[in-house]
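Peer 1: Kindly generate the corresponding structure for this input.
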Amino acid sequence: MKVLIVGNGGREHALYWKINQSPLVKEVFVAKGNGGIKGKRVPIDPTNVKELADFAQREGIDFTVVGPEAPLVEGIVDEFESRGLKIFGPSQRASMLEGSKVFAKRFMLKHGIPTANFEVFEDPDKAKRFVKDFGVPLVIKADGLAGGKGAVICKTEQSALETIDLFMNRGILGPAGKRVVIEEFLEGEEASYIVMVNGTEYVPLPTSQDHKRLLDGDKGPNTGGMGAYSPNPFVDAETEKAIRELIIERTLKALAQEGIYYRGFLYAGLMLTSRGPMVLEFNVRLGDPEAQPLLMRIKGDFLEKLLDFYEGKKVSLDIDERCSLCVVLASKGYPEKPEVGKEIHGLEDIKDEDVIIFHAGTELKDGKLITTGGRVLNVCAWGNSLKEAKEKAYKAVEKIHFEGMHYRKDIGDRALKFF
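Peer 2: Down below sits the predicted model:
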């Protein structure tokens, strides 16, 4: 069969790597893809949903899997389904769970899904007055899509006021920051809990933990993610039971009550607090970089599982008992103004079969591999323990070089004591 993967990053390279292993596959197309993807690349922007649907019809694509959030919010699923094309992802209306922080927070409040207390502001002066009355720490979030960079933890009043200025007055995030959510700061361990959903049926993927902040020790600005690992030891059996009952199942029931049919991946970004698990954000797709270590731990034919689940069949996933860990190599200046156009060296020196490199911001130009984005490469490894997976990943990282290369050196450290 012919499969189309929509997206350009490390998550899409990981999807390509996993789906291409299926004996059901005849050809895998990727739109647009990156310099590490060996499949048939399609020069159509992921958000150009009509052109992608035209291509899928013309090429006879049997099944499409959407990686990033932007095409989903643009309505790619609605466009494909209106033409009778099979596509795995939520509708435009369902994608509002990620497309609007305001929609998601009000949805959670209405349906009793645990999340931080919050207020919504469209007037920057009112937002600033609230900050002065409420106090810090607090979190300020842009309403719209911001590539993982629209949430700022403010520990001083000055940083909160500056963030409101940047988002609402100076418009550094464009329309995404015209409206903001200001919410209480939650303390605890972060967890990413991702499930495949078809209506009220769902199948959990392995647990994971992302590292959002740019610098070691969870310092610096938020990013799209600087690394991840799986499994997440902070999600024990009791915690997972609470996540499923209080968050996932309530959310799916609430979507049904709102008349929203949800089919696709659903990602709950959580804080495991003393009050129990609470939702920081919903994403309507696989996380990036969580997808990379997660897909490495799913054994067998993932495409067959996706197809069966899409058709409404009961499925279960066979999970590799080994740990997996992903280190993101980023460009100098990421996340604000990444420097690009730097040649990448050393990939050919990595020989370990337990290491996989998923490309993100790369492109081949005149036979050279060049950086084209903020997050450039994902260096991933399996290990019989998290420590072993980390050692293998960082040993591979040492062989890679491009000018201005930046990465965190503490991916997985907080969990090492559990393994």
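Peer 1: now the helix or strand containing Arg106: how far from the chain's centre is it?
Peer 2: Using DSSP states H and E, Arg106 sits within helix 101-111. Put simply, helix 101-111 sits 20 Å off its chain's centre (C-alpha atoms, centre = their mean, to the nearest Å).
Peer 1: Can you list the buried residues in that helix?
Peer 2: By neighbour count with 16 or more other C-beta atoms under 10 Å, helix 101-111 contains the buried residues Lys101, Val102, Phe103, Ala104, Lys105, Phe107, Met108. (Each C-beta comes from the backbone N, C-alpha and C, glycine too.)
Peer 1: Next: stretch 154-162.
Peer 2: Buried, per 16+ other C-beta under 10 Å, within stretch 154-162: Cys154, Ser159, Ala160, Leu161.
Peer 1: wait, the third one sits on Val139?
Peer 2: No. Using C-beta atoms under 8 Å as the test, Ala160 is too far from Val139 to be in contact (9.3 Å).
Peer 1: what residues are shared contacts of those two?
Peer 2: Listed as contacting both Ala160 and Val139 by C-beta atoms under 8 Å, 6 or more residues apart in numbering are Cys154.
Peer 1: Run me through the strand neighbours of the host helix or strand of Leu214, direction for each.
Peer 2: Secondary structure assigned from DSSP H and E places Leu214 in strand 213-215. The strands beside strand 213-215 in its sheet (DSSP bridges) come out as strand 219-222 (antiparallel).
Peer 1: Strands of the stretch 201-350 of the chain, residue ranges please.
Peer 2: For the stretch 201-350 of the chain, the strands defined by DSSP state E, counting those that start in this stretch occupy 201-204, 209-210, 213-215, 219-222, 227-230, 263-273, 276-283, 298-299, 318-319, 323-330.
Peer 1: Point out the most buried one among the ones you listed.
Peer 2: Among the strands of the stretch 201-350 of the chain, strand 227-230 has the highest mean neighbour count (mean count of other C-beta atoms under 10 Å), at a mean of 30.
Peer 1: hang on, the earlier thing: make TSV out of the strands of the stretch 201-350 of the chain and add mean pLDDT and distance to Phe402.
Peer 2: TSV is the format used below for the strands of the stretch 201-350 of the chain (pLDDT from 0 to 100; distance: least, C-beta to C-beta, whole Å):
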stretch	mean pLDDT	distance to Phe402
strand 201-204	98	37
strand 209-210	95	23
strand 213-215	96	17
strand 219-222	92	20
strand 227-230	98	17
strand 263-273	97	30
strand 276-283	97	29
strand 298-299	98	30
strand 318-319	98	34
strand 323-330	98	8
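Peer 1: closest one to Gly75 among those?
Peer 2: Closest to Gly75 of the strands of the stretch 201-350 of the chain is strand 263-273 (C-beta to C-beta; 13.3 Å).
Peer 1: Pull the contacting residues for Ile61.
Peer 2: Residues in contact with Ile61 (C-beta under 8 Å, 6+ apart) are Lys2, Val3, Leu4, Phe29, Phe55, Leu85.
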